[in-house]
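1. Could you work out the structure for the sequence below:
(chains A and B)
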Amino acid sequence: TQLLEQSPQFLSIQEGENLTVYCNSSSVFSSLQWYRQEPGEGPVLLVTVVTGGEVKKLKRLTFQFGDARKDSSLHITAAQPGDTGLYLCAGEAGGTSYGKLTFGQGTILTVHP
Amino acid sequence: ETGVTQSPTHLIKTRGQQVTLRCSSQSGHNTVSWYQQALGQGPQFIFQYYREEENGRGNFPPRFSGLQFPNYSSELNVNALELDDSALYLCASSLDRGHEQYFGPGTRLTVT
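-> Got it, this is the predicted structure:
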């Protein structure tokens, strides 16, 4: 069974601060995705990383896939109250698990004005 | 273009009862996946349907079953409901297996 450990579980910061969320596994994933989920809604895809060592940027968000494709991080620079939400990482193992996502437990981010 | 829709939005059932949840996939999408999200947890994969056939199943008992129809909409059925089945049930559709999954807003099921 593949597991994704996400940390921290909760993050409460002030507007303007930087933060990093981590997603770790002992298993290799063919791709790793980051989602954001608002209350009462389904997760919305932010980014997909597929190559070991890959770094992708989305405005103030920077996503990195570990060299061994077992871990990933999400870094937010100068957080804003609009960044508040549940952040989820999800891995796809490939092979017979093609298209099936394994999610981490999520990180609840609260950014105070 | 209409996104993924789910019905009902909320549902309250009694332990032992049966429930059917529905999902309309995005236009042109032939793959539907179902996930269970307990409060404070990430979603857990239940199963996936591709062109009306089950295409993989997570670690859920047989009382969780599903269907996909010719128009690629889908149903999730849960028999003999247990208290631990209380969760948000998410449906996601994709253009094909392995493509980006688009999630619906979910159905909140409460079992009392």
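
2. Please name the nearest non-neighbouring residue to whatever residue of chain A ends up closest to chain B.
-> Closest contact between chain A and chain B, by Cβ to the nearest Cβ, is at A:Gly42 (3.0 Å). Using the backbone N, CA and C atoms, a C-beta is placed for each residue, glycine as well. In space, and not counting its chain neighbours, A:Gly42 is closest to B:Phe103: 3.0 Å by Cβ to Cβ, 6 or more residues apart in numbering or on different chains.

3. and what of A:Ala79?
-> Once flanking residues are discounted, A:Ala79 sits nearest to A:Val111: 4.6 Å by Cβ to Cβ, 6+ apart.

4. Could you check the pLDDT of the residue of chain A closest to chain B?
-> In this prediction, A:Gly42 carries a pLDDT score of 94.

5. B:Glu1 now?
-> 58.

6. residue boundaries of the strands in the chain?
-> I'll assume chain A. Ranges of strands in chain A, per DSSP state E, are A:5-7, A:10-14, A:19-24, A:31-37, A:44-49, A:55-58, A:61-65, A:71-76, A:85-92, A:101-103, A:107-112.

7. that answer is for a different chain, and I need it for chain B
-> In chain B, the segments counted as strands under DSSP E are B:5-7, B:10-13, B:19-24, B:31-37, B:44-50, B:53-57, B:64-68, B:74-78, B:87-94, B:102-103, B:107-111.

8. The fourth one: partners in the sheet, and parallel or antiparallel?
-> For strand B:31-37, the pairing partners within the sheet under DSSP bridges are strand B:44-50 (antiparallel), strand B:87-94 (antiparallel).

9. could you dump those to TSV with mean pLDDT and mean neighbour count?
-> Shown next, in TSV, are the strands paired with strand B:31-37 (pLDDT from 0 to 100; neighbours: other Cβ atoms under 10 Å in any protein chain shown):
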stretch	mean pLDDT	mean neighbour count
strand B:44-50	96	22
strand B:87-94	96	25
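
10. what about the ones you listed, which gets the closest to A:Thr77?
-> Comparison of the strands paired with strand B:31-37 against A:Thr77 by Cβ to Cβ identifies strand B:87-94 as nearest, at 29.5 Å.

11. List of residues touching that closest one?
-> A:42-43, A:99, B:4, B:6, B:21, B:23, B:25-26, B:29, B:31-39, B:43, B:72, B:74, B:76, B:100-104, B:106-109 (Cβ atoms under 8 Å, 6 or more residues apart in numbering or on different chains).

12. same thing with stretch B:22-31?
-> The contact list for stretch B:22-31 (Cβ under 8 Å, 6+ apart) reads A:99, B:1-7, B:32, B:34, B:48-51, B:55, B:72-76, B:91, B:93-97, B:99, B:102, B:104.
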